[in-house]
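Q: need a 3D model of the sequence below.
(one chain, ligands or ions: 1)
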Amino acid sequence: MRAELEIDCGAIAANWEGLRGRAAPGACGAAIKADAYGLGAAPVGRALLAAGCRHFFVAHLDEGLVLRAALGAAPMIAVLNGFAPGADGPAALTPVLNHLGDLEVWAGRGQPAILHVDTGMARLGLDAAEVAVLRDDPSLLCRVPLRYVMTHLACADTPEHPLNAIQLARFTAIRAALPTLPASLANSSGLFLGPAFASDLARPGCALYGLNPTPGQPNPMRPVVRLTAPILQLREIPAGASVGYGASWTALRPSRIATVAAGYADGYLRSLSGQSFGRLAGRPVPLVGRVSMDLLTFDVTDAPPPAPGAAIELIGADNTPDEIAAHAGTIGYEVLTALGTRYARVHHGG
Ligand SMILES: *Cc1c(COP(=O)(O)O)cnc(C)c1O
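A: So this is what the prediction gives:
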């Protein structure tokens, strides 16, 4: 008996439609790196393509090749981490050029690319000195057919953070100093920072997958993921009995414990031990004892006795990846990308 991961591709498409509305009149792409944040790049990509998305962003060349095979020749697939130094890279993918050396390698090849300038991340992208070199001698730029100039926001999920306006000002100044190119700026949260952050091409990721791009405010996105794990065993334990490794939880009363088939090897983070809930027939049931590799234990004493074969919902509309992440001391992105390969995966509407 395996846990089941349901992915609502219809909800992903609807979320993309909503974000496209915010991105207009610019275009709206999709960040689909890391196997579409763990949800399956091929089915998610096909659903987004059918919804009208024509610009996809992956991190690695290999991710791009998988996506190209799934989507056919038409859409742009950009590789954020660029191609390996000196590597040709397949013509079907669009490299993101992250430093001057990349531009020099790409000059004269005739293959379209995206130029990344850094405005406050200090991770990838041309730094201020490299941008100054281009400003003083734009001939290099003219030798690469650049489709976009992009930058990435560091604090878009914190609207009041001063770095947002600083990055926007730096990006605007860089664009003014270079030959005119279409711009790509906002991630999911960036689309909620106001019209000044709109650009020619948005790159939302997390919000497509149902994570809240406006932390602290109601989530405007539709939930996408439902994870349910079947109950393998039910047992009655007396007061004083402990559950699981380390005997970290001891029953204070006679209790009914449900053991279900998922664990940290499936991305149910071990740091959730004693910190989370599942749902049984819609009612919250506390996770008790430690998360082990393949098993979880829930105290179902207060829930109606489960039917044989009943499942406990681990992630769903009432137990969102963002909430799970808060219990685990992390972010919803990590909860989604940690989802393992052992689930029976069902893509609805994909
Ligand atoms: C991951 C990523 C995105 C998408 O970010 P979200 O916060 O998931 O919307 C956009 N741009 C770049 C460069 C990224 O690495």
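Q: any stretches of the stretch 1-150 of the chain with poor pLDDT?
A: Along the stretch 1-150 of the chain, segments meeting pLDDT under 70 span 85-88.
Q: for it, what lies in contact range of the ligand?
A: Within the stretch 1-150 of the chain, the positions lying close to the ligand (CB under 6 Å from any ligand atom) are Ala31, Lys33, Leu80. All C-beta spots, glycine's among them, are computed from the backbone N, C-alpha and C.
Q: can you pick the most crowded of those residues?
A: Highest neighbour count within these, by other CB atoms under 10 Å: Ala31, with 24 neighbours.
Q: how near is it to Leu48?
A: Distance of Ala31 to Leu48, computed by CB to CB, to the nearest Å: 11 Å.
Q: what do those two both touch?
A: With contacts defined as CB atoms under 8 Å, 6 or more residues apart in numbering, the residues shared by Ala31 and Leu48 are Leu208.
Q: can you pull the contacts of the closest residue to the ligand within the stretch 1-150 of the chain?
A: For the stretch 1-150 of the chain, the nearest residue to the ligand under the criterion CB to the nearest ligand atom is Ala31, separated by 3.5 Å. Residues in contact with Ala31, defined by CB under 8 Å, 6+ apart, are Phe57, Asn187, Arg203, Pro204, Gly205, Cys206, Leu208.
Q: among those, who's most crowded?
A: Per-residue neighbour counts (other CB under 10 Å) across the contacts of Ala31 peak at Leu208, which has 31 neighbours.
Q: so Leu234, which of the three states?
A: Local secondary structure at Leu234 is given as strand here, using DSSP: H, G, I helix; E, B strand; the rest coil.
Q: that one bridge partners, please.
A: Residues found in beta-bridge contact with Leu234 (criterion: DSSP bridges) are Ala258.
Q: hey, where'd the strands end up in the stretch 151-300 of the chain?
A: Remark: strands of the stretch 151-300 of the chain, listed N- to C-terminal, are 183-184, 201-202, 225-237, 242-243, 249-250, 255-260, 277-280, 283-286, 296-299; assignment by DSSP state E, counting those that start in this stretch.
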